[in-house]
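> Have a look at this prediction, sequence included:
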Amino acid sequence: MRLVPALAIAAALAGCAPEFPPIAAGLAGDHAFKARIARNHGPGTSAVRLREELIREGFTIVSDPATRLNTALFRPQNLPCYSQTRIDWQEDRRGRITRIQAQRHDCT
C-alpha cells in the first residue's frame, strides 16, 4: 500500500522541468549559459542594457551603489523542482561592466 504514494511522487517529479528566463533558455546547461553571458554582456558592455533586459525578463536585482556590485536572480515557482538563474556583475562609473559571472541551476 505504501508503494502507491511513492509512485505518485515519482511520477510528479518525472514531469518536473526547469523553468528559465529567455536569457538562459534554450541552452544545454550552465556552461552554455555562461558562454552566452560572456559573449553578449562581457566586460566593456553596457550595464544599463543588461539591467533593462533582466528587469524585462522578471529578474530581481539587488545593487550596492558603494561597490557597484549587482546581483540579478530568477527563481521560478515551479515546485517541486528548484531551478535558479543568477548573474553577478560589477560596473564602473561610466556604467560599463567590468566583471560578470553567471550561473544556471537545473531542477534539483
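Looks like it arrived, so ask away. Numbers count the residues shown, from 1 in each chain.

> Now do the contacts for the residue nearest to residue 102 when sequence neighbours are not counted.
Distances taken as Cβ to Cβ, 6 or more residues apart in numbering place residue 37 nearest to residue 102, at 4.0 Å, with adjacent residues excluded. (Each C-beta comes from the backbone N, C-alpha and C, glycine too.) Residues counted as contacts of residue 37 (Cβ atoms under 8 Å, 6 or more residues apart in numbering) are 23, 87, 100, 102.

> okay, which residue is most central for this structure?
Centroid-nearest residue in the chain: residue 85, 1.6 Å away (criterion: Cα atoms, centre = their mean).

> Report the contact partners of that residue.
Counting by Cβ under 8 Å, 6+ apart, residue 85 has contacts 20-21, 23-24, 33, 59, 73-74, 102-105.

> cool, residue 87 as well?
37, 41, 50, 54, 59, 71-72, 100-103.

> Let me have these in TSV, extended by pLDDT.
Output for those, formatted as TSV (pLDDT from 0 to 100):
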residue	pLDDT
37	94
41	96
50	97
54	96
59	95
71	97
72	97
100	97
101	96
102	94
103	93
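
> In PyMOL, how would I select the buried members of those residues?
A single PyMOL command selects the buried members of the contacts of residue 87 (16 or more other Cβ atoms under 10 Å):
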select buried, resi 37+41+50+54+59+72+100+102
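
> any chance you could map the strands in this structure?
Using DSSP state E, the strands found in the chain span residues 60-64, 69-74, 84-91, 97-105.

> quick one: strands adjacent to the longest one?
Translated: strand 97-105. When pairs are called by DSSP bridges, strand 97-105 turns out to pair with strand 84-91 (antiparallel).

> Could you check the angle the partner strand makes with strand 60-64?
30 degrees (axes from the mean of the first three to the mean of the last three Cα atoms, to 10 degrees).

> buried set for strand 84-91?
For strand 84-91, burial by neighbour count (16+ other Cβ under 10 Å) applies to 84-87, 89-91.
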